[in-house]
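Peer 1: fold the following and give me the result.
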Amino acid sequence: MTKSSKRPPAGLPDKDTLVAFLREAGSAEKTDIARHFGLKGGDRRALREMIRELEADGRLGKRGRKGFSEAGALPPVGVADVIERDGDGELYVRLVEASPDAPRAILMPDKSKAAPGLGDRVLVKFQRGAEGWEARLIKKLDVGTNRVLGVIRKSARETRVEPVDRRSKDVLLVPQAQSGDLRDGDLVLAAIERGDHRYGPKRGKILEHIGKEDDPRAASLIAIHAHGVPTGFSEAVEREAEDQALPTLKGREDLREVPLITIDPADARDHDDAVYAARDEDPKNEGGWIVWVAIADVAAYVRPNSALDREARDKGNSTYFPDRVEPMLPEVLSNGLCSLKEGENRACLAVRMIFDKDGRKTGHRFVRGLMRSHAKLSYEQAQAAIDGQTDDTTSPIMEAILYPLWNAYHAMLKGRLKRSPLQIESAERRIRMAPDGGIASIEKRASLEAHRLIEEMMIQANVCAAETLEQKKTPLIYRVHDAPSQEKIFNLADFLSTIGKPWNKGEPGTTKRFNKLLDETRDTEHADVVNEVVLRSQMQAIYSPENIGHFGLNLDRYAHFTSPIRRYSDLIVHRGLIRALNLGKDGLTDREIAELPAIAEGVTMTERRSMAAERDAMDRYIAAYLEEHVGATFAGRITGVTRFGLFIRLEDTGADGLVPVSTLGSEYFTHDDRAHALVGERTGKRFTLGRMVEVKLREATPVTGGLVFEMLSEPEPRDPNAPAPRYGVRGRGGDGPPMRGKNRPGGPKPRNGSKPSGGLKGVRKGKRK
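Peer 2: Take a look at the predicted model:
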């Protein structure tokens, strides 16, 4: 995997070099610094001592929990909170992950953007000014740290707002003057009033009435407001979207005779990609294939710095809930002119790829075209046809379209297997909504070869986009995925040693090594838990103008090109290709090139915002579905082990909930973080990660999404290789005082349904690689 920047020679840096590195990087953790300079063994210990000395000298400061930065420095771009307004009305911001002595920055006015308020979280550019640090607003990020989304609870004496966020303690008292029109169970957005809150509950002011707690749509509404997901479109944007002309052949290649088809989820309303394959007639490429991937030409309608563009950038991506979609683009575009509808002329940006018989890509070219989809298929429909169950739509296109697509994919699969991308299996579940807005069912998503065919063709098209932009020396936003940190590899090795699967801590974590481990355990009792811990050892993929490759896909260069209807990152890549290949006047602008770092950081943030909102909505819908099953027993698997309890995922629904440690038994249980287990101090009996158990549902709270279970299964016997247990001695985790069993009063009780960090969730196939 190549890096865009040259690595320094291995060896311990001097203090000035280390400070210079942190000045350029903005901030870094010790493990990242050591990896950058190639430090091992004694040099790592020397690095820790050097960092302590630089801290003592006042040259380095803390950034976040583990990071370090140059003292008094701010990064070029960062997330900050609006913390103060001075007597002249000037606003000041402070970096979110800043040390207590970090400098504040004055927020410079920008008439083109709505000004944030106190408590708002913002994305800003930092720079040193003549009188100190200055911050320039890129965008507001969320609803503000001084606001609470909650449910009205009324009593004879008072009206309160109880937060829907299970981690929040901000119960607010509503003034009588505002409480008259409120009803018990109302969902509201409230602001925390300023003042002395040391005695009694905080005071709140109602800002917005959102809906009702028992509304079937409440789960999505809560997630949207809790995470600040932008909704709807301004009148200017709607007008601009409607004022678009049908595409013509002007400046486009005619692809209407190429029998491209769309293959999407059965309920998809926007179709942004189409595919076609045929044998390569070139005698020099015997057994090879031509594969076309055509993508909706969103750049033709969403032009740089237009109202459509500014709002699409603010949204960053579409957000998907079981009952609705909050789209990045207005429906007239996302489901209309930009959707590759069967039988209708549509503008597209297409790539024609050539593969040899072994799946190696030997060439490609991009064209701006006019296409017409020849068929609209669902994944299930296409798969059924290949499996021999054709229908009126698929039967006529088997020989000319579907068989060639599958044969081309099987050739491409040889190249994929040789590349050896990470083969983690992630179970996905889908909530089916009933006509009345309730939940009809929760079911597992089938993993079909049709899914994998489209995924591989999209991946190859994305690679082509990155390669072309690099060849044309056009800046771009990469989709990058870093290799696991050394700390994560060490933790993985510690766990694997407990199940008899050795992993040398000095051994690099390559995709082939991970896949070998997954293959070795696939048909064993440890298959699921190994899959979980390997997934948890991975870093998160992000967007960046600097390339470090994509570890999970095992690719040197990768960009998102195939979903411009729902991802702003892809629209930027489309504009880059238009500029690089002289395909029109609506390509990437010089201003956008200068802003690529901020755009990349912004779309990374909006993607995570959407993922968090989608996950929270799913949790609340599942809790609502299970509320009527309180008292029932379920089969589940231990998917998380913490000092305060066990996290259980139910086999049928994929629901996640907590077994509090205080309910586990009559002895202390301590957390052994190396073994991912809770261990009884008196008996040594254990509850371990990955184990199948039986639990009883005790609580289901739809408004927070919390589930609480009671453990019915007995713990496993003591590990014979572990030291003999002794009352009052902590397990190897050593992360705090012993936890109390149910017969010991006063044991710590976690909040209802709280979840561990780094929880595992399946994501929509092909959406966020």
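Peer 1: what is the burial count for residue 308?
Peer 2: A total of 25 residues lie near residue 308 under the criterion other C-beta atoms under 10 Å. All C-beta spots, glycine's among them, are computed from the backbone N, C-alpha and C.
Peer 1: please name the nearest non-neighbouring residue to it.
Peer 2: Using C-beta to C-beta, 6 or more residues apart in numbering and skipping residues adjacent in sequence, the residue nearest residue 308 is residue 302, 4.7 Å away.
Peer 1: swap in residue 355?
Peer 2: Using C-beta to C-beta, 6+ apart, the nearest residue to residue 355 is residue 289, at 4.9 Å.
Peer 1: go on, residue 401?
Peer 2: In space, and not counting its chain neighbours, residue 401 is closest to residue 259: 5.4 Å by C-beta to C-beta, 6+ apart.
Peer 1: assign the residue nearest to residue 308 to helix, strand or coil.
Peer 2: Classification of residue 302 using DSSP: H, G, I helix; E, B strand; the rest coil returns coil.
Peer 1: mind naming the longest helix for this protein?
Peer 2: helix 596-626 (DSSP state H).
Peer 1: which helix or strand lies directly C-terminal to that helix?
Peer 2: strand 633-642 (DSSP states H and E).
Peer 1: elements contacting that next one?
Peer 2: strand 645-650, strand 686-688, strand 692-701 (3 or more C-beta pairs under 8 Å, 6 or more residues apart in numbering; DSSP states H and E).
Peer 1: low-confidence ranges, the stretch 501-650 of the chain, go.
Peer 2: Counting by pLDDT under 70, the stretch 501-650 of the chain contains no low-confidence range.
Peer 1: thinking again about what came up before, which pLDDT value goes with the residue nearest to residue 308?
Peer 2: pLDDT, residue 302: 97.
Peer 1: could you measure from it over to residue 374?
Peer 2: Computed as C-beta to C-beta, to the nearest Å, the residue 302 to residue 374 distance reads 26 Å.
Peer 1: who has more neighbours, the two?
Peer 2: Legend: neighbour count by other C-beta under 10 Å for residue 302 and residue 374, higher for residue 302 (30 against 20).
Peer 1: tell me the phi and psi of the more buried one?
Peer 2: The phi/psi pair for residue 302 (degrees, to the nearest 10) reads phi -110, psi 100.
Peer 1: doesn't residue 570 make contact with it?
Peer 2: No: counting by C-beta atoms under 8 Å, residue 302 stays clear of residue 570, with 11.2 Å between them.
Peer 1: next up, the contacts around the residue of the chain positioned farthest from its centre.
Peer 2: In the chain, the residue that sits farthest from the middle, by C-alpha atoms, centre = their mean, is residue 283; the gap is 44.9 Å. Residues near residue 283 by C-beta atoms under 8 Å, 6 or more residues apart in numbering: none.
Peer 1: can you count the residues close to residue 53?
Peer 2: Residue 53 has 12 neighbours, counted by other C-beta under 10 Å.
Peer 1: how far away is it from residue 712?
Peer 2: Distance, residue 53 to residue 712, using C-beta to C-beta: 55 Å.
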